[in-house]
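> below: sequence and its predicted model.
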Amino acid sequence: MLTATLSHSAPTPALATPHSRQAVLERAVERVRSTSRIFGLRNPQIGSAEKGWEYCNPFDWVISFYAGQLWLAYQFNGEPGLANLARARQADLNLLLSNLAAQDHDLGFIFSLNCVADWKLTGSQTARQMALRAAEALRARFRPAGGYIQAWNAHGTSDTARSKFVAGRIIADTMQNLALLYWAHEETGTPDFKTIADAHAETTRRHLIRDDGTSFHTFVFDATTGAPLRGETHQGYAHDSCWARGQAWLVHGFAQSFRTTGNPAYLDAARQVAAKAEELMGDDAVPLWDFRLPADAPQHLDSSAGAILSAGLFILADMTSGDEKIRWRAFAERLLNGLIETCDLTQIEGAQGLLDYGAAHVRRGSVRNMLPYGDYYFMEALMRSLGHSRFCW
């Protein structure tokens, strides 16, 4: 039974101090520890504070976000059992490596969060080799004619409608997956990993980011010639709206790509998209699921967008200086404080996740969810706010 309730309103929160954020992080780590006894080797996919979690199939794109939380918790307290629980989940990742049809652009999420984290924190050669194999598979999804990594797959050769939908399509989320390619380049020196990541980042910058700093969720190219066709949405309100989580993926992805490469175009892209999010949020501390909603549209919060955006802004702050650094850190802290004030489940006895009010897919009716990626980025943002600097990307 839950012993407290959360309000749907998202006022500008009271200032959370480093001391209070430390306390929230400690509660989050304890929640990750305690839920491991419930999960076993299952991985949370989507849930609610009242009903708990539904779990992933072996090829789900979110399969490694709980492992990512385990590695963050291990980094925080050094408890070997947490590392063992994360590493035990790598057996499912080996299944994915042997199933080409199940592989898509989310290989970057799946293997960075578990295998790259394992390699960086423990030096596991097994994890390193798995991550390099995944990077090779992600590299193979590059389409030279258009200069992009294709996001999704058809569900079999007979699925003609799906084949038409996925062909030539990129999405904002892929910017976060590029970290695996950049890491593979650093590890091996193989130029193609970086060349392909850079090409996709440049294509994303040119076609997903609009001139005013808002973004498309997806963009479609002619699958044969690579000619750019049109921007669309998949999870946002409309093709010409601005899906909040997509905007957040772009901030985090471009900020970390700049940190890795030093390419000033990536820094400018992160700045542009972050500034537009700041403008469109006004005084809000938790973003709505889309930044361009008509007044009569569903006004659901998306805590996962807030967590991803906050974590990305902390990276952006670290990459800048002076007043600009202060600006991005203040925005990151406002978002983090908003999550603590409005969405924090670590204070709710009986809840199994970290954040309430995640909007998985509003157009399909998935609102007010617990989401493992929201929980992961909440922990990442908390740790970045407190000066931690070792992450899987």
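The structure has been received and is ready for your questions.

> in the stretch 201-350 of the chain, which spans are helices?
Using DSSP state H, counting those that start in this stretch, the helices of the stretch 201-350 of the chain run over 244-261, 264-281, 303-318, 322-342.

> the third one vs helix 244-261, what angle?
Orientation note: helix 303-318 sits at an angle of 30 degrees relative to helix 244-261 (axes from the mean of the first three to the mean of the last three Cα atoms, to 10 degrees).

> who are the packing partners of helix 303-318?
helix 244-261, helix 264-281, helix 322-342, helix 372-385 (3 or more Cβ pairs under 8 Å, 6 or more residues apart in numbering; DSSP states H and E). Just so you know, the C-beta spots here come from the backbone N, C-alpha and C atoms, and that holds for glycine as well.

> follow-up on the earlier one: using a markdown table, lay out the helices of the stretch 201-350 of the chain together with distance to residue 173 and mean neighbour count.
Shown next, in a markdown table, are the helices of the stretch 201-350 of the chain (distance: least, Cβ to Cβ, whole Å; neighbours: other Cβ atoms under 10 Å):
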| stretch | distance to residue 173 | mean neighbour count |
| --- | --- | --- |
| helix 244-261 | 5 | 27 |
| helix 264-281 | 14 | 21 |
| helix 303-318 | 10 | 29 |
| helix 322-342 | 19 | 20 |
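
> with mean pLDDT and distance to residue 383 added, can I get those helices in TSV?
Shown next, in TSV, are those (pLDDT from 0 to 100; distance: least, Cβ to Cβ, whole Å):
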stretch	mean pLDDT	distance to residue 383
helix 244-261	99	14
helix 264-281	99	20
helix 303-318	99	9
helix 322-342	99	11
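
> re the thing from before, between the helices and strands packed on helix 303-318, which gets nearest to residue 77?
Of all the helices and strands packed on helix 303-318, it is helix 372-385 that lies closest to residue 77, at 11.9 Å by Cβ to Cβ.

> give me the contact list for the closest one.
The contact list for helix 372-385, computed with Cβ atoms under 8 Å, 6 or more residues apart in numbering, reads 18, 21, 24-25, 28-29, 32, 43-45, 62, 65-66, 68-69, 72-73, 75-76, 113, 252, 303-304, 307-308, 310-311, 314-315, 332-333, 335-336, 339, 353-355, 358, 391.

> go on, stretch 223-235?
143-147, 167-168, 171, 207-208, 210, 216-222, 239, 241, 243, 245-246, 361-363.

> of those, just the buried ones, ChimeraX syntax please.
Those of the contacts of stretch 223-235 that count as buried under 16 or more other Cβ atoms under 10 Å are selected in ChimeraX with:
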select :143,146,147,167,168,171,207,208,216,217,218,219,220,221,241,243,245,246,362
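
> of the contacts of stretch 223-235, which belong to strands?
143, 171, 218, 219, 220, 221 (DSSP state E).

> tell me which of those residues is nearest to residue 160?
Closest approach between those and residue 160, by Cβ to Cβ: residue 220, at 16.5 Å.

> which strand residues bridge that closest one?
Under DSSP bridges, the beta-bridge partners of residue 220 are residue 169, residue 230.

> what's the separation between the residue of the chain most remote from its centre and residue 105?
For the chain, the largest distance from the centre (Cα atoms, centre = their mean) belongs to residue 158, which lies 31.4 Å off. Between residue 158 and residue 105 the computed distance is 23 Å (Cβ to Cβ, to the nearest Å).

> swap in residue 180?
The value you get for residue 180 to residue 105, if Cβ to Cβ is used, is 10 Å.

> quickly list what's touching both of those two.
residue 138.

> who has more neighbours out of those two?
The neighbour count for residue 180 versus residue 105, taken as other Cβ atoms under 10 Å, is higher for residue 180 (29 against 24).

> now the more buried one. Nearest residue, chain neighbours left out?
Nearest non-adjacent residue to residue 180, counting by Cβ to Cβ, 6 or more residues apart in numbering: residue 108, 4.0 Å away.

> how many neighbours does residue 294 have?
With other Cβ under 10 Å as criterion, residue 294 counts 10.

> ok, it - contacts?
Residue 294 touches residue 237, counting by Cβ under 8 Å, 6+ apart.
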